[in-house]
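*Asks:* dropping the sequence and predicted coords here.
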Amino acid sequence: MMNVSPITIGGHTFTAISVALPKTNLLVVTSEKGYIMCGALDVALLNEKLKDRGIIAGRAVGVKTIDQLLDAPLESVTYEAANLGIHTGMAGKDALLKMI
């Protein structure tokens, strides 16, 4: 099952996407500039093989719901996210507000 819904953080609207997969959930919250995602996100791939795309993204691990993803500290971020002031340890929702 897949669910796509708008969520509001600090007066700004983002898109939350959750996909129920066998034995796991895929979780993403996105803005027009970037996104945060569950542990399925391969930040090293984005930073190394796709560096030329300038992807703004952060990864949180151990999350099972969109609410947990928003509150969890980011475990890793892309170089482009770091350039916006997004850093490891930052809550997902705070990172999203820097992606406006």
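*Replies:* That came in fine, so what should we check first? The model shown is predicted, which means the values in this text are computed figures rather than measured ones. Numbers count the residues shown, from 1 in each chain.
*Asks:* counting residues, which strand of this structure comes out longest?
*Replies:* strand 12-21 (DSSP state E).
*Asks:* just give the strands next to that one in its sheet, each with its orientation.
*Replies:* Sheet pairing for strand 12-21, assigned by DSSP bridges, gives strand 2-9 (antiparallel), strand 24-30 (antiparallel).
*Asks:* can you list contacts of the first one?
*Replies:* This means strand 2-9. 13-20, 29, 66, 70, 93, 96-97 (CB atoms under 8 Å, 6 or more residues apart in numbering). In this view, the C-beta of every residue, glycine as well, is placed from N, C-alpha and C.
*Asks:* got the buried residues for it?
*Replies:* Using 16 or more other CB atoms under 10 Å as the test for burial, strand 2-9 gives Ile9.
*Asks:* thinking again about what came up before, to Ala82, which of the strands paired with strand 12-21 lies closest?
*Replies:* Closest to Ala82 of the strands paired with strand 12-21 is strand 24-30 (CB to CB; 18.3 Å).
*Asks:* quick check: mean pLDDT across the closest one?
*Replies:* Averaging pLDDT along strand 24-30 gives 96.
*Asks:* as PDB, could you dump the C-alpha coordinates of that strand?
*Replies:* What follows is strand 24-30, C-alpha atoms only, in PDB (Å, rounded to 0.1, in the frame of the first residue of the first chain):
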ATOM      1  CA  THR A  24       9.700  -2.700   6.000                       C
ATOM      2  CA  ASN A  25       8.300   0.800   5.100                       C
ATOM      3  CA  LEU A  26       9.800   3.200   2.700                       C
ATOM      4  CA  LEU A  27       9.300   6.800   4.000                       C
ATOM      5  CA  VAL A  28      10.000  10.100   2.300                       C
ATOM      6  CA  VAL A  29       9.100  13.700   3.000                       C
ATOM      7  CA  THR A  30       9.900  16.100   0.100                       C
END
